[in-house]
Each structure stands twice: as C-alpha cells, then as structure tokens.
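Student: Predicted structure and sequence below. I'll ask about it afterward.
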Amino acid sequence: MRGVVFYDPEQEKQNSNRTITIFDTTLRDGEQTPGVTIPFDKKIEIASQLDKLGVDAIEAGFPISSPGDKESVKRIAELGLHADVCGLARSVTKDIDACIDCDVDMIHVFIPTSDVQREYTIKKTREEALNTAVEMVEYIKSHGFKCMFSPMDATRTNFDYLVEIIKAAKAAGCDIVNIPDTVGVMVPSSMYELIYNLKKNADMKYDIHCHNDFGLANANSITAAEAGADQVQVTVNGIGERAGNASLAEVVMALTSIYGFKTNIKTEYLTETSKMVEKYSGIKMPPMIPICGDNAFSHESGIHSQGVLAKSETFEPGIMTPEMVGQKRRIILGKHAGRHAVLQNLEAVGIHPTEDQLNEILAKIKEIGDRGKTVTDADLYVVASVVLGKKGIDEAIKLKEVSVMTGNIVTPTAVIRAESNGKEIISAQTGVGPVDAALRAAEEIVGDTKYKIEEFSIEAISGGSDSLARVTIVLANERGKSVTAKSANADIVMASVEALINAMNALSGMD
Ligand SMILES: CC(=O)SCCNC(=O)CCNC(=O)[C@H](O)C(C)(C)COP(=O)(O)OP(=O)(O)OC[C@H]1O[C@@H](n2cnc3c(N)ncnc32)[C@H](O)[C@@H]1OP(=O)(O)O
Ligand SMILES: CC(C)C(=O)C(=O)O
Ligand SMILES: [Mg+2]
C-alpha cells in the first residue's frame, strides 16, 4: 500500500526506478542559522553521523569564511567518508583555492543571477556574471575537482538568462547545477514548471536548494524531484538562514514513503541524527515536528490510543512506522486518556488492575490532567499502587525540608529531611553543584535501594530570572524498571529533588 496519493500507477512505477541523491548542507547553510556556531569537534561527529545515515554529499563548510571553517572542512575531507565532501566558494579564485587547500571532493561555486542580487551585491552586468561563472567552473575543473554551480536566486532570475548561464556552465564542464530558491518564493506548481522547462531547455543533472520563508521548502523540493531534479539539498531539522532549509527527514520520508522514490538514506538513523544536531546546534525542535519530533508517534486521546493499540494504521500513516525512522510509539496519559491506554501502560510493567480499579485509576489520572499537569508514568504508578492497595499513601517518601549551601568558596552541600513509614530520615551530601548534592542526599534517604538516574534535564518554562524550572528525570531501579517523573518549581534544587522523589515513590510502588 502506498498511502493516499497514488493517482497513477505508471507514475509510481517510474518513481520507483529513480534514486534521488541527498546533499546535506547542515554544516554550511545549517550553520548560517543566526546565532549558531557548531564547535569543531561536533562538526566532525555530525559529518560521521551523516555518513552513517547515508547522505550522498556533505557540504562541510565555506572555507574562506574563517580559519576555523577551513580547518573543519579539511578535517572532514580527511575522514575518508563514503559521502562526497563539498566546500562552498564565491565566484572568486581565492575562495576556490581555499576549497582546493582542503582537498574536498567537490567545489560548489555560486554567483547571483537575479537582477536584484546581481546589481546590489556583485555589481556586474548579466554578461559579466556569465563570463565570471564560466571562468570559475573552468578553474575548478582545471584543478581536477567535481563542480557544482549555483545561479543564486535562480527562482527570481529571468528564465532565458538562467538557461543561458546554465548552458555556459555546462559547456565549461560543470557536473551538476543547483537551483536555489534563495528567498523561498516558489510554490510547488511553479517549481514543477521551472524544473521541467529547465530540463527541456538545458538538459543536465539538477539539484534543488529550497528555503522555507513561506513554509514551502519541503513541498518545493519534493515537487522539483517529481519534475526531474536528480538531487535535493537539505539540512537536519531544516535549520539554516532565516526560516531555514528543507528538512532532511521530512523530504526523505515523503520522497520514499509517499512518492515511492529511492534514496540511499538508512532511515532508521534519522531520529538519532536529528537529536544530535539539536544538541550541537542548540536549536531545540518543537515536539510536533514530523518524523523525529517527540510527538510524531505519540498518542494521548483515548480514541486514538485505543485505535492504535488495536492496529497502528488507524491513527498513523502506516506507510511510515516509528521503527522505520528510529522512533518509538508512545501512549501518553493525560486528561484525554481512556481505559485502553491506561491498561496498556500498566500491563507493560506487570500491573493488572481489576475493572473497578482501572476506572478509579483513570478518574485520578483525569483529575491530575485537569489540574493542567503532565501525567508521567511515575504519576501513573504512584496512583496505581495506591488504588491497588500495594502501598498506603503514608508509606511514600514525603519531603519535609531541603536546604543547600553553595557558592564560590564552599563545597556545595545539601541536607534533606523526609518522612517514610512514619519515620523521619535526615541525610546530607556534597556534590559538584547544589543540584548534584541535593540529588545525592535524596537518594541516600532510601538507604540500600540502588537507583540510577538515566536522564536528567532542566528547562526554564517562562523567561526571566523568576521563571519556573521544569525538571524531567528518568530513573531506573536495580531490576531494570524505569520511570519518568517531572516537577516544576521556581527553585531548581526543589524541582530536582521533587522529581527524584516522585520517581523513587513510583518505582517502589512497582515492587
Ligand atoms: C545564500 C547564501 O547562503 S550565500 C552564502 C552566505 N554565507 C556567508 O556569507 C557566510 C560566510 N561569509 C563570510 O565569512 C564573509 O561574508 C566572507 C568571508 C565570504 C566575505 O567577507 P567580506 O570580504 O568582509 O565581505 P562582506 O561579507 O562584507 O560582503 C560580501 C562580499 O562578497 C561579494 N560576493 C557575494 N557573493 C558573491 C559571489 N557569489 N561571487 C563573488 N563575490 C560575491 C559581495 O559583492 C561583497 O563584495 P565587496 O566586499 O566587494 O562589496
Ligand atoms: C549558496 C546558495 C546555494 C544558497 O545557500 C542559497 O542560494 O540559498
Ligand atoms: Mg541557502
């Protein structure tokens, strides 16, 4: 089954015979995202990850732009990757020489061709720009490098002139022409027409580079491939200038799952690649982004969860599964949850409530959700253990007091007073910072029981120094069971300790 759109079986057959190559420009256009600089060693890691993912080419940087960029392009070229490593150059020989010094596989040279860019940036006539482009392509080819030529702002360039400059670049030996929609003004129908007519008038290998100013970069890239483009330029998470570029994961999955094209991407690595770039670029992705977002395969509504638990295709595309993209399906609990979702989450950890107990647990979950709180699995297990009578509410650890001492000349120290089973427990610990000290002290409350904090994150919910800190902890016990717990508090130490104690209470309820 190929979803929805297949309209024409003959077209589907033709698409399945075509491989669209993927040119990744995360390390060049992606790094042009305002405010982003990816550290040198992280660029090397990202390049290796992109190679593992199976991209066909990596634009590693713009060597003339800084000594650091040149050094990282050079190092990436030395890695001996399967992908072609490419460097960017303006139409000036010193830029090309900088790429040559890096010993890249391919040099991407560009010149503005729209009237507005040509007149206001390089200040050359059409004829001068064409002659310069030809000279630069010849210069690259005379040094034995593969050459990609971009008539920059192609989509706002006079069509006849665009054909003329592409033909001239082809005659000069250029291997592939990239068509940049530099300011993202195309719509899919105009993109189809442009690529179709370019192929007809100046037949050669085409690549497409779309910006997302109107949110159409992915759609335009995919349509360009439909119209005959051989390669698409993308960035991980769609990062890049202004509103960004076409997104690697979204373009690849639409090309393959919906349109039936082939790519060389090992899609099971898409999510880990997205998370790596999120971390190293500092650009956090919203949960609802397609494919790699935390919500992309999450279901909270009771009706959806029941359907998905019975057959995933009910409320998922089916032609794309979480496994295909390195994701997990998650059944989330909250005010919209239903009995099927609660039961499945409990049974997954060996808790089997009766019908009445299940109804009671669900009612309590909805109560928590109605108070505007996220319902974590820790909340669920605590509620379930109380309802199932496995643990009286008085047996849970109750936090009474937290005090911390920290500063530049004291070792961060925390003291915690808590109550469990009617007994008061006090513990004190030092740590690398106040949060670390407090978490160590909180763990000591449970004596010999050993826990491992598998994940820990703090985020500021609102702006300003008075913002609420939300802490998320994933805690595992010695038997490998783990729970996620969250807490929000204006004090980061309190939020951390509360989240940890929620998680410990939940795990002890599962014993
Ligand atoms: C659409 C794109 O993404 S294009 C790539 C954009 N990326 C970047 O600009 C990031 C890296 N850039 C840089 O580090 C710097 O801009 C540099 C090193 C390239 C140039 O720096 P500077 O010499 O200080 O020039 P500046 O950035 O102020 O202006 C750009 C210059 O390049 C020229 N230029 C722009 N594009 C081209 C081109 N394709 N071919 C030749 N010259 C060009 C401009 O006309 C201008 O020249 P001028 O100084 O003679 O007026
Ligand atoms: C360098 C070129 C291809 C570019 O990034 C653009 O036009 O957006
Ligand atoms: Mg660009």
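Tutor: Done, it's in. Ligands and ions are numbered 1, 2, ... in the order given.
Student: Say whether ligand 2 is contacted by stretch 183-193.
Tutor: No: applying CB under 6 Å from any ligand atom, one finds stretch 183-193 separated from ligand 2 by no less than 7.9 Å. All C-beta spots, glycine's among them, are computed from the backbone N, C-alpha and C.
Student: Mind listing what's buried along that stretch?
Tutor: Buried residues in stretch 183-193, defined by neighbour count with 16 or more other CB atoms under 10 Å: V183, G184, M186, P188, M191, Y192.
Student: What does the pLDDT read for the third one?
Tutor: If I follow you right, that is M186. pLDDT, M186: 98.
Student: picking up where we left off before, mind listing which of the buried residues of stretch 183-193 are in helices?
Tutor: Counted as lying in helices by DSSP state H, out of those, are P188, M191, Y192.
Student: quick one on the thing from earlier: list, out of the buried residues of stretch 183-193, those positioned next to ligand 1.
Tutor: Within the buried residues of stretch 183-193, nothing lies near ligand 1 by CB under 6 Å from any ligand atom.
Student: Name the nearest of those residues relative to R371.
Tutor: G184 (42.3 Å; CB to CB).
Student: residues in the stretch 201-350 of the chain within reach of ligand 1, list them.
Tutor: Checking the stretch 201-350 of the chain against ligand 1 by CB under 6 Å from any ligand atom, the hits are E241.
Student: For the stretch 201-350 of the chain, which residue gets nearest to ligand 2?
Tutor: Closest residue of the stretch 201-350 of the chain to ligand 2, CB to the nearest ligand atom: H209 (4.8 Å).
Student: tell me the contacts of that residue?
Tutor: T25, D29, S150, N178, I179, P180, D181, T182, Q233, N245 (CB atoms under 8 Å, 6 or more residues apart in numbering).
Student: mean confidence score for the strand or helix carrying it?
Tutor: If you go by DSSP states H and E, H209 is part of strand 206-210. Across strand 206-210, pLDDT averages out at 98.
Student: same thing with stretch 221-229?
Tutor: Stretch 221-229 comes out at a mean pLDDT of 97.
Student: chain center to that stretch, what's the gap?
Tutor: Centroid separation for stretch 221-229 versus its chain: 23 Å, with CA atoms, centre = their mean, to the nearest Å.
Student: Identify each buried residue in it, please.
Tutor: Those would be S221, I222, T223, A224, A225, E226, A227, A229, for stretch 221-229 by 16+ other CB under 10 Å.
Student: Identify the farthest-apart pair in the residues you listed.
Tutor: Maximum distance among the buried residues of stretch 221-229 (CB to CB): 10.9 Å, for S221 and A227.
Student: and the residue of the stretch 201-350 of the chain closest to ligand 2, what are its bridge partners?
Tutor: Beta bridges link H209 to P180, Q233 when assigned by DSSP bridges.
Student: Let me see the contact set for the closest residue in space to G431 that isn't next to it in sequence.
Tutor: In space, and not counting its chain neighbours, G431 is closest to A437: 3.4 Å by CB to CB, 6 or more residues apart in numbering. Contacts of A437 were listed using CB under 8 Å, 6+ apart, and they are V404, T406, P412, T413, A414, Q429, T430, G431.
Student: A helix includes V471, no?
Tutor: No: under DSSP: H, G, I helix; E, B strand; the rest coil, V471 sits outside any helix and is assigned strand.
Student: Just the local confidence number for it, please.
Tutor: Per-residue pLDDT puts V471 at 91.
Student: likewise T374?
Tutor: Per the predicted model, pLDDT is 78 at T374.
Student: try A296
Tutor: pLDDT, A296: 98.
Student: Near it, how many other residues are there?
Tutor: 20 (other CB atoms under 10 Å).
Student: pretty sure it is in a strand, no?
Tutor: No: per three-state DSSP, A296 lies outside any strand segment and is coil.
Student: any idea how far it lies from G30?
Tutor: 20 Å (CB to CB, to the nearest Å).
Student: What mean pLDDT does stretch 51-67 get?
Tutor: 98.
Student: That stretch: which residues count as buried?
Tutor: The neighbour-count check on stretch 51-67 (16+ other CB under 10 Å) flags 51, 53-65 as buried.
Student: Start and end of it, how far apart?
Tutor: 24 Å (CA to CA, to the nearest Å).
Student: and what of stretch 36-43?
Tutor: End to end - CA to CA - stretch 36-43 spans 12 Å.
Student: just the buried residues of stretch 51-67 that are near ligand 1?
Tutor: By CB under 6 Å from any ligand atom, the members of these lying near ligand 1 are F62, I64, S65.
Student: Save the residues you listed as JSON lines, and put in distance to E278 and secondary structure too.
Tutor: Listed next are those as JSON lines, based on distance: CB to CB, whole Å; DSSP: H, G, I helix; E, B strand; the rest coil:
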{"residue": "F62", "distance to E278": "23", "secondary structure": "coil"}
{"residue": "I64", "distance to E278": "28", "secondary structure": "helix"}
{"residue": "S65", "distance to E278": "24", "secondary structure": "helix"}
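Student: before we move on, the earlier item: just among the contacts of A437, which is most surrounded?
Tutor: A414 (25 neighbours).
Student: Can you give the distance from whatever helix or strand it lives in to the centre of its chain?
Tutor: Using DSSP H and E, A414 sits within strand 413-420. The chain centre lies 39 Å from the centre of strand 413-420; the measure is CA atoms, centre = their mean.
Student: Also stretch 290-304?
Tutor: Counting by CA atoms, centre = their mean, stretch 290-304 comes out at 15 Å from the chain centroid.
Student: What lies in contact with that stretch?
Tutor: For stretch 290-304, the external contacting residues (CB under 8 Å, 6+ apart) are 237, 247, 249-250, 253, 270-271, 274-275, 285-289, 305, 308, 314-316, 320, 322, 325, 327-334, 336-341.
Student: again, only using 6 Å
Tutor: With contact meaning CB atoms under 6 Å, 6 or more residues apart in numbering, stretch 290-304 is reached by 249-250, 253, 270-271, 274, 287-288, 305, 308, 315, 322, 325, 327, 329-332, 334, 336-338.
Student: which among those end up buried?
Tutor: By 16+ other CB under 10 Å, these give 249-250, 253, 270-271, 274, 305, 308, 322, 325, 327, 331-332, 334, 336-338 as buried.
Student: Check which residues of the strand or helix carrying I44 are buried.
Tutor: Taking DSSP H and E as the criterion, I44 maps to helix 40-53. Within helix 40-53, the residues scored as buried using 16+ other CB under 10 Å are K42, K43, I44, I46, A47, Q49, L50, D51, L53.
Student: Stretch 459-473 too?
Tutor: Neighbour count says stretch 459-473 has A469, R470, V471, T472, I473 buried, by 16+ other CB under 10 Å.
Student: sec struct for I361, please.
Tutor: Taken by three-state DSSP, the conformation at I361 corresponds to helix.
Student: Surely it touches S385?
Tutor: No: if you go by CB atoms under 6 Å, I361 and S385 don't touch, sitting 10.0 Å apart.
Student: What ranges does the stretch 201-350 of the chain have for its helices?
Tutor: In the stretch 201-350 of the chain, the segments counted as helices under DSSP state H, counting those that start in this stretch are 217-226, 248-253, 270-281, 302-310, 339-347.
Student: can you redo those as JSON lines with distance to T263?
Tutor: Converted to JSON lines, these look like this (distance: least, CB to CB, whole Å):
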{"stretch": "helix 217-226", "distance to T263": "10"}
{"stretch": "helix 248-253", "distance to T263": "5"}
{"stretch": "helix 270-281", "distance to T263": "11"}
{"stretch": "helix 302-310", "distance to T263": "27"}
{"stretch": "helix 339-347", "distance to T263": "34"}
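Student: Of these, which is nearest N489?
Tutor: helix 270-281 (25.0 Å).
Student: And that closest one, what does it pack against?
Tutor: helix 40-53 (3 or more CB pairs under 6 Å, 6 or more residues apart in numbering; DSSP states H and E).
Student: Show which residues not belonging to the helix it packs on make contact with it.
Tutor: Outside helix 40-53, the residues within contact range by CB under 6 Å, 6+ apart are 24, 27, 58, 72, 75-76, 81-83, 269, 273, 276, 280.
Student: Appreciated, that's everything.
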